[in-house]
Structures are given as C-alpha cells and as structure tokens.
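**Q** return a 3D structure for these sequence lines:
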Amino acid sequence: YPAVSTPDEKKPASLRVPGNASVSEAMDVQSIGAYNIPDGARQVRVWGNYAYIIDGNIDGDMELQAIDVSNPFSPRHTDTIWISHPMISSSLANHLEISGRYAYVANGYGFRVIDISDPADLKDVGGFEEAASGSILEVKGSYVLLPASLNKEMYIVDVSNPAVPVKIGSYDPQKITFLWQIEISGHYAYLYGYNESFEIIDILSPGTPVFAGSFNCCGNINQEDVTYHVNGKYMYITVLSHLAQYYSNYFRVYNISNPQAVQEVGNYEIPANSDIVVGIDASDPYVFCAQGNSGVRVVNAAVPASPIEVGVFNLPGNAYDIVASGGYLYVADLSTGLKIFKMASSPTVKITNLESGQYVGGSVDVQVQAYRGSDCIGKVEFYADGQKLDESGYSTCTFHWNSIPYPDGNHSLSVIAYDTANRTAAYEIY
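**A** Numbers count the residues shown, from 1 in each chain. Purely as a prediction, here's the structure:
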C-alpha cells in the first residue's frame, strides 16, 4: 500500500489489477500458394525448404511426398515414396516426424525410416516393426518414442543406426490405460490417453525413463477430442467436451515448468458449432489450431492467463494439420492437399513489470515491450483511464505515470503499439 499522505502531498492512487490483463489485435493471414494432392493431405512437417506430406488416402496406399516450398507462391513436387507395412500388401502411414536427415513414419505396426537428404530421391533405409502399434510416434535426437502392442506400453528406440533401430527401453504408464498421444519437450515426454490423464516422463536417460508427474485436465471426455502442443514452459490443450447433452470446446493453457505441480493458468471457450481441433502448432505469441471444416483458429497467448482469439480463417476444404515456420503457415488439407499462408499480423505489445493484484502509488514506472517480427514499430502510446499521456518511438520503453492526482481505487493503464503500416495492438491492465 502507498505511504500515508502528508499535508503537501495528495494520497497516491492505488492501481490494482483485479483480473486478467487484456490483449487486443488482429491477425491477417494471406493465402499465397497451394499444391494439389488428389488424395488430400493428413499431415505436414517442414524441414528447410521442403514440406513433407502424408497423403489422405486412408482406404488404400498412403505415401510420403516431398514438396519444394523455397518459392511458397509456387510449391513444386520433388518425389514420392510408398510406406511399406510388414503385414499387408498396401501402404499405411499414420504419423510423421522429422529429425536431421531422416523422416520417421508410423506405419501401423512400428515405423519406417526415410532418408530425406536428397528430397528428389527419398529412400527407405530401415525400420522398426516390433511394436505392433504404429499410430503415433515422437522423435528426440536419435531416439523414437512410440506405443507398443495395444497402446498399453511405450517403447524407446535408438535410431542412431537408422538401418537397424534397436529398442533400448520401455515404460508402463501409471495413470494411463491406453496411450493415444506423445509430445516431447526438453528431456520430458508428455503422454496422454484413457483416464483423461497426462503423464510426464523424464527421458534424460532414454534407456530408463522415470515417472515425473501427472495431471488431469479434461474430465469425462473422449480421448480423440484432446489435442495438445508443448511450447517452452506452457502446454496448450484444446478440448471438445461432451457431457450428457452439453458440448463445449475449450482452449486451455497449463504451466508445466514443475512436472509435479502442473497448473492451469488460463483458458477461453471456443465458439460453439466448430469442429474438433485436430492439429496444433505455435509461433510465439500465436497458437494455430486446425479445426477441420471450421478452418484455422488463431490464438494470442502472449498473456498465458488471458489467451485471446485474434482470427479465424476458413478453407474451402478440411484443415487436418498445421505447421508454423519462418513466417508461413503450412496446412494439410484433407480435401485438396497442401495450402500455404503468410502471416501478416499486427504488432504485439505488453506491459512487462505490472502484474495482477498489484497496488502501486506515487511515480510508477510502466515498462513496455512491443514487437512486430522483422518489421518496425512506428510508435507506442500510453494511456491512463483512457486518456493519452505519452508516446514513444521505441519498441522497448518506459513510461512514467504520476498516480498522485488520481483518487484511490482501481485504474486502467493501457498501451497501443503501431507498426509502420499503421496496424495496431493494444494491451490493458485495470
């Protein structure tokens, strides 16, 4: 609390942030290129100047395609490889990840290793087909994690020799009865499955994975209706919950910095009548959610406690997966193939030194950070209770607010950033 006022000084006002800070901006996404695939695209990964696509033909042969996207306005096909399966004559490709010069493709029974060092000549160089389950996989360096038989167990496979992958460890989940998804960040693997639980595994020593923590985020829902992405110390989770006759679609943010005490820090309800999120990726501060026939939803998570939707763009097809890379969005469209979009967002701005619940008085420093990718910030304006008090031509600046003339109580402080194209973003605490 501020000090007691003296006769020659008014009692300083107190600024309290009773709830969440707010962010306001718009995301401009421009369609710039596409590559048609008759069977559509189920999954996309980008490595260097190439996009790698698993096609969408779930009833027949499924293939891995390499697309040159060095000119995103005119993507060009360079090669296609059929993904083999040890038990059936047709091809099956369920999930794709890339590490170094290799692509790892889950084939329903394990995975195949594809040498992509020459995108014009993709080569199958080896595989692991002892898992009897190849619906998903994740890659960390020279290790692949994937479910074992009936998705009851997780295998860790050493692929340092891609021609002869070797299982070096396994993990039997404690909280999950059926493993559906795996994400890796740092030396932790984040597992999700039946019981609507997440289990966090320490894989610092890959041969001996160790339980590190667990949390339940989703209640009584279908496991297919959860999609998640790990980004630094945060996990973004989308949930379509249908309890009884009630359907709700949520975007949730969890702080996972302490695996033993994971906490939800923010959420918002996705508008009704939209499809399940089937693919998710992030490029700070944005999170991109592929929602099938509902298109792609864009969320600004710069303030984890207050994620805000800043755009939705619809496709003529079915957005099934998405990757954000180098200022572009690559969308696997289940109907037509690969679509490429350029991100042309407004700037982002934030007050960095004042947080929810603070009381301040006297002369208050308000520190501001604004950015706009590779473009320039034109100016940043500072407001108190809606009245403009100052502006700066720098992206990193400090405004000085004299709170003494303001009555004791709650007040709003806000900043508006303008880029050189006069696009704006606003941030407010109150």
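**Q** may I have the beta-bridge partners of Phe215?
**A** Following DSSP bridges, Phe215 is listed with bridge partners Phe198.
**Q** could you check the pLDDT of Ala120?
**A** Listed pLDDT for Ala120 reads 98.
**Q** show me what Tyr228 bridges to in the sheet.
**A** Applying DSSP bridges, one finds that Tyr228 bridges with Ile237.
**Q** residue contacts, it?
**A** Contact partners of Tyr228, counting by CB atoms under 8 Å, 6 or more residues apart in numbering, are 181, 183, 190, 192, 235-238, 280. C-beta here means a position set from N, CA and C on the backbone, and glycine is covered the same way.
**Q** and of those residues, the nearest to Gly56?
**A** Among these, Ile280 lies closest to Gly56 (CB to CB), at 18.5 Å.
**Q** run a quick neighbour tally on that closest one.
**A** Neighbourhood size, Ile280 [other CB atoms under 10 Å]: 22.
**Q** so what's it up against?
**A** 227-229, 236, 238, 287-290, 322.
**Q** switch the cut-off to 10 Å
**A** 227-229, 231, 236-238, 251, 287-291, 297, 299, 321-322 (CB atoms under 10 Å, 6 or more residues apart in numbering).
**Q** what's the spacing between it and Tyr286?
**A** 11 Å (CB to CB, to the nearest Å).
**Q** now for the two: what residues contact both?
**A** Val299.
**Q** what sits opposite the residue nearest to Pro119 when sequence neighbours are not counted in the beta ladder?
**A** What sits nearest to Pro119 in space, not counting adjacent residues and going by CB to CB, 6 or more residues apart in numbering, is Ala66, at 4.2 Å. Bridge pairing for Ala66 (DSSP bridges) gives the partners Tyr52, Asp79.
**Q** isn't Ala66 right next to Val46, touching?
**A** No: counting by CB atoms under 10 Å, Ala66 stays clear of Val46, with 11.1 Å between them.
**Q** which residues are in contact with each of these two?
**A** Shared contacts of Ala66 and Val46, defined by CB under 10 Å, 6+ apart, are found at Tyr52.
**Q** same drill for those two, tell me which one is more crowded.
**A** Ala66 (24 against 19).
**Q** related to what we said a few turns ago, give me every residue that touches the residue nearest to Pro119.
**A** Contacts for Ala66 (CB under 10 Å, 6+ apart) come out as 47, 50-53, 76-81, 103, 114, 116, 118-122.
**Q** please repeat the previous calculation with a cut-off of 7 Å.
**A** Applying CB atoms under 7 Å, 6 or more residues apart in numbering to Ala66 gives the contacts 50, 52, 78-79, 116, 119, 122.
**Q** are we agreed that Pro162 is in a strand?
**A** No: looking at Pro162 with DSSP: H, G, I helix; E, B strand; the rest coil, it is coil, so not inside a strand.
**Q** quick one: the residue nearest to it when sequence neighbours are not counted from Arg45, how far?
**A** Counting by CB to CB, 6+ apart, Val113 is the residue found nearest to Pro162 once chain neighbours are left out, at 4.3 Å. Separation of Val113 from Arg45 (CB to CB) stands at 14 Å.
**Q** ok, Asn422 next?
**A** Counting by CB to CB - Asn422 and Arg45 are separated by 36 Å.
**Q** much appreciated, bye for now.
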